[in-house]
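# Take this sequence and fold it.
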Amino acid sequence: MNTPIPLLAIHGGAGTILRQATSHESEQAYLQALLDIIRAGEALLAEGAPALDVVEACVRLLEENERFNAGRGAVYTEAATHELDASIMEGHTRRAGAVAGLRTTRNPVQAARAVMESSGHVMLIGPAADTFAAARGLEQVPPDWFGTPERLAQLRRVQGEGGAARLDHDGAQRQAPLDERSKFGTVGAVALDARGRLAAATSTGGMTNKKVGRVGDSPILGAGCYADDTVAVSCTGTGEAFMRSVAAHELSAQMRYLGRSLEAACEDVVGTCLPAVGGQGGLIAVSHRGELCLPFNTEGMYRGWVRLGEAPQARIFR
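A predicted model of the protein is given here:
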């Protein structure tokens, strides 16, 4: 069997379109950020890098970009702190690592990989996870490094409006292409490498004004992130619904047990399974056959993709 052409996709959250309130410059800035990260991942794939390395590198770059809610620019909890979650999974071995509630590790996706490779476990949480990451040489930063003035102002606005947790930030001051009051702030990457191997990674700052200790789907394997020898999946949306649907694993199961195509499985998971439990958002998925699907049931999703030999693409709207 011929090995499929290497393929990479990333996402930076899904939500409601604000075309009429968005400047061309703002939209182009988001698209350029996605394209820059896609091109960095493309270069790694072209060098023959494993899918696992590629998804980790792309998610780390997304964590470094404060336009997205992961790492630098993460949203605030109700206590005006940051708690970050991430996961990573290698398809052909099903090795995986995850972290939740990080407060000082600069790049949570790197901590997730460290858990996978050297902890003997799959998930570590809270201060112990930061301590573990630090012991393995991962950069630590002051807790306030993750915050930005826009994120803090957003927290204060949400608390002033009654204090309900928001799935992402109210960032009208930034004029983002998606309505930040109803945008789901997660980032992720999925890849198929030159050896035909799959990997996925997901990272998030969570929900604005979330309760301290709340964990969503991003670090939960099978919910917000999953990879096996059939498909690699990274999700973004209402985390509780993705957990209740076991959305990422459900997609794989439909392909493996029902023989569905990637497109058909994505259509069912995003169009039927998630809405059945009030779920909004989307996902990115790459199959072992080189299929690509980036479905969402919101009005827009930050996304980018590239197949080696073709031009990189980035989109926000449908």
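
# tell me the average confidence for whatever helix or strand Leu155 lives in?
Leu155 belongs to helix 149-160 when assigned by DSSP states H and E. Average pLDDT, helix 149-160: 89.

# Then stretch 113-120?
Here the average pLDDT along stretch 113-120 is 98.

# Check what contacts it and list those residues.
52, 56, 88-90, 95-99, 121-124, 129, 132-133, 136, 138 (CB atoms under 8 Å, 6 or more residues apart in numbering). C-beta here means a position set from N, CA and C on the backbone, and glycine is covered the same way.

# what about 6 Å?
Stretch 113-120 is contacted from outside by Glu56, Ile88, Arg95, Ala96, Gly97, Leu124, Ala133, Arg136, using CB atoms under 6 Å, 6 or more residues apart in numbering.

# and the residue nearest to Val54 when sequence neighbours are not counted, helix, strand or coil?
The shortest distance from Val54 to any non-neighbouring residue, by CB to CB, 6 or more residues apart in numbering, is to Ala191 (4.4 Å). Recorded secondary structure, Ala191: strand (DSSP: H, G, I helix; E, B strand; the rest coil).

# Quick check: the gap between Ala191 and Pro275.
28 Å (CB to CB, to the nearest Å).

# Do you have the helices of the stretch 51-200 of the chain handy? List them.
51-64, 108-118, 126-135, 149-160 (DSSP state H, counting those that start in this stretch).

# Ile316 sits in which helix or strand?
With DSSP H and E as the test, Ile316 turns up in strand 313-317.

# thinking again about what came up before, which parts of the helix holding Leu155 are buried?
Glu150, Arg151, Gln154, Leu155, Arg157, Val158 (16 or more other CB atoms under 10 Å).

# CA atoms of stretch 95-114 as CSV?
The C-alpha coordinates for stretch 95-114 follow below in CSV (Å, rounded to 0.1, in the frame of the first residue of the first chain):
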residue,chain,number,x,y,z
ARG,A,95,1.1,6.5,23.8
ALA,A,96,-0.4,9.6,25.4
GLY,A,97,0.2,12.3,28.0
ALA,A,98,-2.0,15.0,29.5
VAL,A,99,-1.8,17.8,32.1
ALA,A,100,-4.5,19.9,33.8
GLY,A,101,-4.5,23.0,35.9
LEU,A,102,-0.9,24.2,35.1
ARG,A,103,0.0,27.6,36.4
THR,A,104,3.7,28.1,35.7
THR,A,105,4.7,25.9,32.8
ARG,A,106,5.1,28.1,29.7
ASN,A,107,4.1,25.5,27.2
PRO,A,108,1.6,23.0,28.5
VAL,A,109,1.8,20.8,25.4
GLN,A,110,5.5,20.1,26.2
ALA,A,111,4.5,19.1,29.7
ALA,A,112,1.9,16.7,28.2
ARG,A,113,4.6,15.1,26.1
ALA,A,114,6.9,14.9,29.1
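
# Report the buried residues of it.
95-114.

# Could you check how far that stretch is from the centre of its chain?
13 Å (CA atoms, centre = their mean, to the nearest Å).

# got it, and stretch 36-44?
16 Å.

# Sounds good, over and out.
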